[in-house]
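Participant: Sequence and predicted structure, then a few things I'm wondering about:
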Amino acid sequence: MRFDVVTLFPALFDVLLDQGVTGRALIRGVAELHLWNPRDFTRDRHRTVDDRPYGGGPGMLMKVEPLRDAIAAARAQAPQSRVAYLSPQGRVLDQAAMVELSRRPGWILVAGRYEGVDERLIEGHVDEEWSIGDYVLSGGELAAMVVMDAVTRLLPGALGHADSAAQDSHTDGLLDCPHYTRPPEIDGRRVPEVLIGGDHAAIARWRLQQALGQTYRRRPDLLERRGLNQHEQALLDEFVRSRHD
Ligand SMILES: Nc1nonc1C(=O)NCC1CCCCC1
C-alpha cells in the first residue's frame, strides 16, 4: 500500500514513521509513505499557498495551483492511486470503509488547512472526499493519519497476529467483547471463569455473546444495520435474560 500525503506540515507525519503498527509496517515495506508539500509547488517569491476568500468571510483558503501541482507530482509517481480529500463534508468512514480502502494499491491523501480549499481543486483534481467524523479539526493531517493507521493495520503482515485485526471491535459490525489479563483477581474483581477454563468453544461462544450484548446495550444502531442470524439472536436473548435475572 502506497500512501502519498499532500500537506503543508510534513513533519507532523513523523509520529507515524517511528512508532507502533504504522512504523513497523513502513519499515517492513507493508506500506510506504511519501509527503508532498504544496509550498514546494509555488512559483512566486513568497511561496504563496493561500489567499482571501471571494465574497469575504473570515480566514484564508488554500489556492488551487500549489495543491494541483503537488497532486500531479504524486499521481506521476503513483499512477494507480486515487486522490482523496479529508474534510467534514466527506463520506464518513467506518470499519467497513477502511476495509474497502485497504484493498486498493494506494491513496493520495490531501490534507487541507486554513478555512479549506478552493472548490475547483476538489472538482478538478480530487476523486473522493472523506470524513473521519462529524466534527471540525484544525487541519486534515490528523484525519489522514487516522485513515492511514486504520487501513495499515488491516494489511497482511502489518500486525503480529494475523487474526487480531479480524477480532477488532467494529469487525463483523459488532463492538468488541471485554478483555482480561493477569492477575486472575484484583480489587475484588475476578476474571470470568470461562476464560480461565481453557474450553476454546465455550470461550468463543462467551466472546461472541459479550460482543452481541455490548453492542445491544451501547450501539443498538449497529445491530439494526447488521442483523443477527438465529444462533446470534439466541445468544443475545440469553444475555439479556441473564441480566434481568
Ligand atoms: N472531520 C474531518 N474528517 O476529515 N477531515 C476532517 C476535518 O475536520 N478537517 C478539518 C480541515 C478540513 C480542511 C480545511 C481545514 C480544516
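Facilitator: Structure's in. What do you need?
Participant: Which parts of the protein are strands?
Facilitator: 2-6, 32-36, 50-51, 61-62, 82-92, 106-111, 128-131, 185-186, 189-190 (DSSP state E).
Participant: now those in JSON lines, with mean pLDDT and distance to residue 172?
Facilitator: All C-beta spots, glycine's among them, are computed from the backbone N, C-alpha and C. Shown next, in JSON lines, are those (pLDDT from 0 to 100; distance: least, Cβ to Cβ, whole Å):
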{"stretch": "strand 2-6", "mean pLDDT": "98", "distance to residue 172": "26"}
{"stretch": "strand 32-36", "mean pLDDT": "98", "distance to residue 172": "29"}
{"stretch": "strand 50-51", "mean pLDDT": "98", "distance to residue 172": "44"}
{"stretch": "strand 61-62", "mean pLDDT": "98", "distance to residue 172": "39"}
{"stretch": "strand 82-92", "mean pLDDT": "98", "distance to residue 172": "19"}
{"stretch": "strand 106-111", "mean pLDDT": "98", "distance to residue 172": "24"}
{"stretch": "strand 128-131", "mean pLDDT": "98", "distance to residue 172": "22"}
{"stretch": "strand 185-186", "mean pLDDT": "98", "distance to residue 172": "30"}
{"stretch": "strand 189-190", "mean pLDDT": "98", "distance to residue 172": "28"}
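Participant: Can you convert those into CSV and add a column each for mean neighbour count and distance to residue 70?
Facilitator: Putting those into CSV (neighbours: other Cβ atoms under 10 Å; distance: least, Cβ to Cβ, whole Å) gives the following:
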stretch, mean neighbour count, distance to residue 70
strand 2-6, 25, 5
strand 32-36, 18, 4
strand 50-51, 16, 14
strand 61-62, 22, 11
strand 82-92, 18, 11
strand 106-111, 25, 8
strand 128-131, 16, 17
strand 185-186, 10, 52
strand 189-190, 9, 53
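Participant: With distance to the ligand added, can I get those in a markdown table?
Facilitator: Conversion of the strands of the chain to a markdown table gives the following (distance: least, Cβ to the nearest ligand atom, whole Å):
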| stretch | distance to the ligand |
| --- | --- |
| strand 2-6 | 12 |
| strand 32-36 | 16 |
| strand 50-51 | 11 |
| strand 61-62 | 8 |
| strand 82-92 | 4 |
| strand 106-111 | 8 |
| strand 128-131 | 4 |
| strand 185-186 | 38 |
| strand 189-190 | 37 |
